[in-house]
Every structure is written in structure tokens, then in C-alpha cells.
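Asker: Next input, structure requested:
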Amino acid sequence: MKFFRYFFILIWRIWFYAWVLLSIIPVFPVLILVTSSEKTYPTFFKIARAWAKTILFVMGFKIELMEDEVLEKGDSFMFCPNHTSMIDIFVMLAITENPFVFVGKIELTKIPIFGFFYKRTCIIVDRNNSKSRTAVFDEARLRLDDGLDICIFPEGLVPSDESVVLSEFKNGAFRLAVEYQIPIVPITMYDCKKLFSYTFFSGSPGKLRVKVHSIIETKGLTLKDCNSLKKQTFHVIYNELLSDV
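Answerer: Sure thing, here's the model as predicted:
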């Protein structure tokens, strides 16, 4: 019985990587065009969103979205979801209509084809390079000035210890949110780790529950408030995950 389960998961995982990589090839020239300028980023975002929805569908995932608050169109936001799986990116694209930019780790740029466009469209950070970490803020400010939202996984990584509910948050997202006086949007992803973790022979199709929590305002806050803002955001997601155990 275990053999058949592992065989199914093997085929299912190969199916995922094949779709992620091969689905990009037919639209490669279009993607080159729409990623060549920041002005065409909203067009790229629409394509990326359709692509993410397609990947989730063919993998047998269905998103169940819960919203404590409907976000106003035209406002800027700092999205702060917990990070548990490589499909977190696809889920964020699928649930968010307004164009946003990911701040992501440099390691993902090494993935064939996907990494090429990831580098052209996301704000890349090398956590081992202090200059890179500083440059992230400059790039994020430019994107915010263009009216785009920002998405930062505040844990900075996917917790390697399966027993960890939520890793400690980094400061970057909260510092930017305070500087630009834009609201924090905590987002809880309940099922991504269970259904598609980094452990290869694991997971299955199923329902991906996502909760968009009420915004946390930053108007009037200063950089001295970053730590308390970080703790507040952490506890919103942490308590939600604990209540689901």
C-alpha cells in the first residue's frame, strides 16, 4: 500500500514541476516583453495570477478564502503571510487581485526558467549580504512609489523544524510599512505545509484554507513602534494557527 502511495506522490510531484516549468515556455516571448519595463508590470501580474491559478487547479488544490476585511482598491498594503511551502507564492497570487511585488530569497533565482522571470519581477534579497539587505529597502520604496503593494514573508524562511508553528519575524516588512504609513495585512495559510511541504514524498490534493485578517494600521507610528507592530502581527497569525491545531 505504501508503495502505491509513494508512486502516486512521485508522479504528482513531477506533474507539478513539469507544469511550473513547461507552462512558461509557450508564453516566453510575451513574458520577456512584459517584464522588460516596470510600466508593464501590472500586465505581467495578470499573467502570473492566471498561471498560479492554473497550477493550483491542475494539482488538485482548491482555495477556501476567508476575509475579516475586504481591502480597499487603490490603497497600498504590506502583505505578511506565514511561510510553509513552495506553493505559498501561487496561493498569494491567486487570492490577491491588486498587483503586488514579492520580496524573495536569491536561492529561487537558480530554478531554471522560473528563476529567470523571478529575478526580473521580484525584489531579490541575499540574506548573507548586508548590502543586498539594504538595497531591498531602496527597491521596495520605488515599487511603493509606483503604487504597487509589497508581499514579504516576515519569517524570512520556511521553518525546517516541523514542530515550529511560526518562526520569529524579521524587521524589514514592519520598518517599510511604518516609513510609508501603509497598513499591515496579516495572512494565515493553514494547509500549505500539510498538503505540499518540502518533504518530497508527502502531501496530496485538497483544500487550501487562507485567512486575510483585519488590517493593522501604521498611521502615526514611528520606527520606535516597529517591534511592537512586529509582535502584534506575529500573534495574530500565531494564535490563528494554534486555534486550528
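Asker: Tell me which stretches of this structure form strands.
Answerer: Remark: strands assigned in the chain by DSSP state E are 61-67, 78-81, 100-105, 123-125, 149-152, 184-189, 206-212.
Asker: For residue 199, find the nearest of those strands.
Answerer: strand 206-212 (15.9 Å; Cβ to Cβ). Any C-beta I mention is one placed from the backbone N, CA and C, and that applies to glycine too.
Asker: Tell me which stretches of the protein form helices.
Answerer: Counting by DSSP state H, the chain has helices at residues 2-22, 28-34, 41-58, 88-95, 114-121, 130-145, 172-180, 192-195, 226-243.
Asker: Counting by contacts, list what the longest one packs against.
Answerer: The reference is to helix 2-22. helix 41-58 (3 or more Cβ pairs under 8 Å, 6 or more residues apart in numbering; DSSP states H and E).
Asker: The helix it packs on versus helix 114-121: what angle between them?
Answerer: 150 degrees (axes from the mean of the first three to the mean of the last three Cα atoms, to 10 degrees).
Asker: can you give me the mean pLDDT across helix 41-58?
Answerer: What helix 41-58 shows for mean pLDDT is 95.
Asker: Between strand 61-67 and it, find me the angle.
Answerer: 120 degrees.
Asker: buried ones in helix 41-58?
Answerer: Using 16 or more other Cβ atoms under 10 Å as the test for burial, helix 41-58 gives 41, 44, 45, 48, 49, 51, 52, 53, 55, 56.
Asker: ok, back up a step: can I get the helices of the chain in TSV including distance to residue 207?
Answerer: Below are the helices of the chain laid out as TSV (distance: least, Cβ to Cβ, whole Å):
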stretch	distance to residue 207
helix 2-22	16
helix 28-34	30
helix 41-58	11
helix 88-95	12
helix 114-121	25
helix 130-145	32
helix 172-180	28
helix 192-195	8
helix 226-243	16
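Asker: Out of the ones you listed, flag the one nearest residue 107.
Answerer: Going by Cβ to Cβ, the one of the helices of the chain nearest residue 107 is helix 114-121, 9.0 Å.
Asker: If you count contacts, what does the closest one end up packed against?
Answerer: Using 3+ Cβ pairs under 8 Å, 6+ apart, helix 114-121 sits against helix 41-58.
Asker: and the helix it packs on, how far from the chain's centre?
Answerer: Distance of helix 41-58 from the chain centroid (Cα atoms, centre = their mean, to the nearest Å) equals 13 Å.
Asker: Show me what it is packed against.
Answerer: Helix 41-58 is packed against helix 2-22, helix 28-34, helix 88-95, helix 114-121, with contacts defined by 3+ Cβ pairs under 8 Å, 6+ apart.
Asker: Mind putting these into JSON lines with mean neighbour count?
Answerer: Listed next are the helices and strands packed on helix 41-58 as JSON lines, based on neighbours: other Cβ atoms under 10 Å:
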{"stretch": "helix 2-22", "mean neighbour count": "12"}
{"stretch": "helix 28-34", "mean neighbour count": "14"}
{"stretch": "helix 88-95", "mean neighbour count": "22"}
{"stretch": "helix 114-121", "mean neighbour count": "17"}
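Asker: would you turn those helices into JSON lines with mean pLDDT?
Answerer: Output for the helices and strands packed on helix 41-58, formatted as JSON lines (pLDDT from 0 to 100):
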{"stretch": "helix 2-22", "mean pLDDT": "90"}
{"stretch": "helix 28-34", "mean pLDDT": "91"}
{"stretch": "helix 88-95", "mean pLDDT": "95"}
{"stretch": "helix 114-121", "mean pLDDT": "85"}
